[in-house]
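Engineer: below are the sequence and a predicted model; questions follow.
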Protein chains: 2
Amino acid sequence: MIKSKLNDISKPVKTELETFQKIFKSSLKSSNNLVDLVTNYIIKQKGKKVRPVLVLLSAKVCGDINERSYRGATLVELLHTATLVHDDVVDSADKRRGFPSINAIWKNKIAVLMGDYLLAKGLMISVEGEDFDFLKKITNTVKRMSEGELLQIQKTRKLDIDEETYFKIISDKTASLIETCCEIGSMSSSDNPEHHQALKDFGNYLGLAFQIKDDILDYEGTAKLFGKPIGGDIKEKKITLPLIYALNKVTPVEANQVRKLVKNNSKKDSVKEVIEFVKKNNGIEYSQKVAFDLGEKAKNSLAIFQDSQAKQSLEALVDFVLERNN
Amino acid sequence: MIKSKLNDISKPVKTELETFQKIFKSSLKSSNNLVDLVTNYIIKQKGKKVRPVLVLLSAKVCGDINERSYRGATLVELLHTATLVHDDVVDSADKRRGFPSINAIWKNKIAVLMGDYLLAKGLMISVEGEDFDFLKKITNTVKRMSEGELLQIQKTRKLDIDEETYFKIISDKTASLIETCCEIGSMSSSDNPEHHQALKDFGNYLGLAFQIKDDILDYEGTAKLFGKPIGGDIKEKKITLPLIYALNKVTPVEANQVRKLVKNNSKKDSVKEVIEFVKKNNGIEYSQKVAFDLGEKAKNSLAIFQDSQAKQSLEALVDFVLERNN
């Protein structure tokens, strides 16, 4: 269902997406067996390719898709893949028991090295193509993504986070790359700075809405076959928008009681209690309203462009992000 | 003793090194408390700053140290620091026992993120300075460093490594960055391609000699107050030049017996037996000869330059690398 919706959205760049896939695949080829083993695994997993689709649609809204658009799409997908591989370091650590085996250590080491390798590969494609405007954007994005994650870790430790800090975190860790995808796409096909700014804004609002929706889904009760389990953020002591809003609506004494529940969430039912507290205090409705407003802002950013299939797809992507159930 | 030798070597760029320190320190400033905490820790550890010294000496041999030289020195030091921080992921995993605590997971996660952050910061300095020639070199270096480490992991798994593969590994994982330091230094102060090639060659030979000496020290019996313990490579099943040479000198049957000792090195005395086998078969003398020859080649690469204090320092650095005891 998700897959078919996304197929509809990417229809205006269907052929170009196939060309991208070929370029991406060949960019991953290596003479090192171990590198090839890991990259083949990555290619097989495929993923939804949302970021390359964003680059290509943004390019098409502003002009014609060209060599630079493909290089931009390859760059962002390699960077995205690198961050996923680096994330594996922590996930695998969580699952391991007892002494870490040589293989487990290797797994972490390989994940770190492969992430570095993929990032370097992406940057090399931009360097060789002399896309220095892309490099300026993407290095700043890598910096912002790591800063955002580090700020979240820091705030999670203290269970102390307000709405402003929340927005700083999700803007850096999530929206920055979405924004860069759209901006790079427009830079590849247009010289008009108004186009670049419009797509940058679109990407920023879309990215924020996406992350807020993600955080809402952590509180919502639909069965999730795939994706992360409900209450996962609370278990990790991550305080997101629905909870921030709810905590602000009650007395400091009550807020501290809820913070204690988050802190000692290994106790039976404490995660459930936090979810009920958020629901009772309209944390979900509020967050949905915020996400919806950001979605509207995203769509409005595209007002300067004439109607086209690519523009309709970007608008449909906003609705898709807001309406998804997992 | 090491410190004072290195102080002598860096004398021709003493003032410039102080300027670099200030630039490097200010490049690490961040508005994020957690980032600041980690970077302050990094600044305090200091280190020998061999790579920035190489950039500055190489620049001085070819011309005048300038803004670009400082940006190059900052770039390589940030990259080097990033790789050290990423290495921590694996080291800490080794020391941990039982369930990884949230803090232990965080430590890994923070190390990965901080490494990414430092790498991005370094690249941003080059992007903003429009040092696109540096970016071309450094992204390729990041790729080579991760490829070299991955090849080593792959070969370590199979205990199957010949001299050619050994040189491929140490050329990528170690010599590539040393080479890039020297090349970037010369590129910052000279437009003469012969200068660039000479310093590139110097760095390559120096880097190879450095790694071979490092691998020899794993077999040599001097007490090491600091640095890695003797036999550490054998314990990690890393087969380096002294052992490769010794294995080639005996019958396949005997070689397989030694490989078995490396494979099951938890048995008492097996590490000691491997060390004795290498010594008996002249693995250390041979490797010393190879390292010495590479050192000579490094010095010869500088033949095109007139005599100067900076040139003498680069030559002295070769001797220092070959003569060090830890």
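Structural biologist: Nice, I can see it.
Engineer: doesn't residue A:286 make contact with residue A:278?
Structural biologist: No: if you go by CB atoms under 8 Å, residue A:278 and residue A:286 don't touch, sitting 9.7 Å apart. Glycine gets a C-beta too; all of them are placed from N, C-alpha and C.
Engineer: who has more neighbours out of the two?
Structural biologist: A count of neighbours by other CB atoms under 10 Å in any protein chain shown puts residue A:278 above the other of residue A:278 and residue A:286, at 26 against 19.
Engineer: the more buried one: what's it in contact with?
Structural biologist: By CB atoms under 8 Å, 6 or more residues apart in numbering or on different chains, the contact set of residue A:278 is A:219, A:242-243, A:246, A:284.
Engineer: if you look at those residues, which of them are in helices?
Structural biologist: Counting by DSSP state H, these place A:242-243, A:246, A:284 in helices.
Engineer: nearest to chain B among those residues?
Structural biologist: Distance to chain B across the ones in helices among the contacts of residue A:278 (CB to the nearest CB) is lowest for residue A:243, with 18.7 Å.
Engineer: give me the number of residues near that closest one?
Structural biologist: 28.
Engineer: quick one on the thing from earlier: which one of the contacts of residue A:278 is nearest to residue A:131?
Structural biologist: Among these, residue A:242 lies closest to residue A:131 (CB to CB), at 39.6 Å.
Engineer: the closest one is in contact with residue A:215, isn't it?
Structural biologist: Yes: with contact defined as CB under 8 Å, residue A:242 and residue A:215 form a contacting pair (6.6 Å).
Engineer: neighbour count winner among these two?
Structural biologist: In terms of neighbours (other CB under 10 Å), residue A:242 is the more surrounded of residue A:242 and residue A:215; the figures are 29 against 22.
Engineer: not counting sequence-adjacent ones, nearest residue to the more buried one?
Structural biologist: residue A:283 (3.5 Å; CB to CB, 6 or more residues apart in numbering or on different chains).
Engineer: okay, now the one you found: neighbour count?
Structural biologist: For residue A:283, the neighbour count with other CB under 10 Å is 24.
Engineer: ok, it - contacts?
Structural biologist: A:219, A:241-246.
Engineer: check the offset of stretch A:308-326 from the chain's centre.
Structural biologist: In this view, stretch A:308-326 has its centroid 15 Å away from the chain centroid, taken as CA atoms, centre = their mean, to the nearest Å.
Engineer: picking up where we left off before, distance check, the residue nearest to residue A:242 against chain B.
Structural biologist: Separation of residue A:283 from chain B (CB to the nearest CB, to the nearest Å) stands at 24 Å.
Engineer: which neighbours do residue A:278 and residue A:286 share?
Structural biologist: residue A:242.
Engineer: ok, then the element right after the longest helix seen in chain A?
Structural biologist: When chain A is parsed with DSSP H, its longest helix is helix A:67-95. Using DSSP states H and E, the helix or strand that follows helix A:67-95 in sequence is helix A:102-128.
Engineer: avg pLDDT for that next one?
Structural biologist: Helix A:102-128 carries an average pLDDT of 84.
Engineer: and whatever helix or strand comes next after that helix, what's buried?
Structural biologist: Using DSSP H and E, the helix or strand that follows helix A:102-128 in sequence is helix A:132-158. The neighbour-count check on helix A:132-158 (16 or more other CB atoms under 10 Å in any protein chain shown) flags A:133-156 as buried.
Engineer: avg pLDDT for the helix or strand containing residue A:197?
Structural biologist: Secondary structure assignment for residue A:197, by DSSP H and E: helix A:193-217. Throughout helix A:193-217, pLDDT has a mean value of 97.
Engineer: check stretch A:290-305 too.
Structural biologist: Here the average pLDDT along stretch A:290-305 is 98.
Engineer: can you list contacts of it?
Structural biologist: A:61-62, A:194-195, A:198-199, A:201-202, A:205-206, A:208-209, A:212-213, A:216, A:241, A:311, A:314-315, A:318-319, A:321-322.
Engineer: keeping just the C-alphas, turn it into CSV.
Structural biologist: Taking Å, rounded to 0.1, in the frame of the first residue of the first chain, the C-alpha atoms of stretch A:290-305 are listed here in CSV:
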residue,chain,number,x,y,z
VAL,A,290,1.3,21.4,14.0
ALA,A,291,2.3,18.7,11.4
PHE,A,292,-0.7,19.7,9.3
ASP,A,293,0.2,23.4,9.4
LEU,A,294,3.7,22.6,8.3
GLY,A,295,2.4,20.5,5.5
GLU,A,296,0.3,23.5,4.3
LYS,A,297,3.4,25.7,4.5
ALA,A,298,5.3,23.1,2.4
LYS,A,299,2.6,23.2,-0.3
ASN,A,300,2.4,27.0,-0.2
SER,A,301,6.2,27.2,-0.8
LEU,A,302,5.5,25.8,-4.3
ALA,A,303,3.1,28.6,-5.2
ILE,A,304,5.7,30.2,-7.6
PHE,A,305,5.7,27.2,-9.9
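Engineer: the helix or strand of chain A with the lowest mean pLDDT packs against which elements?
Structural biologist: Taking mean pLDDT, DSSP states H and E as the measure, chain A has helix A:33-45 as its least confident helix or strand, at a mean of 78. Applying 3 or more CB pairs under 8 Å, 6 or more residues apart in numbering or on different chains; DSSP states H and E, we find helix A:33-45 packed against helix A:67-95, helix A:102-128, helix B:132-158.
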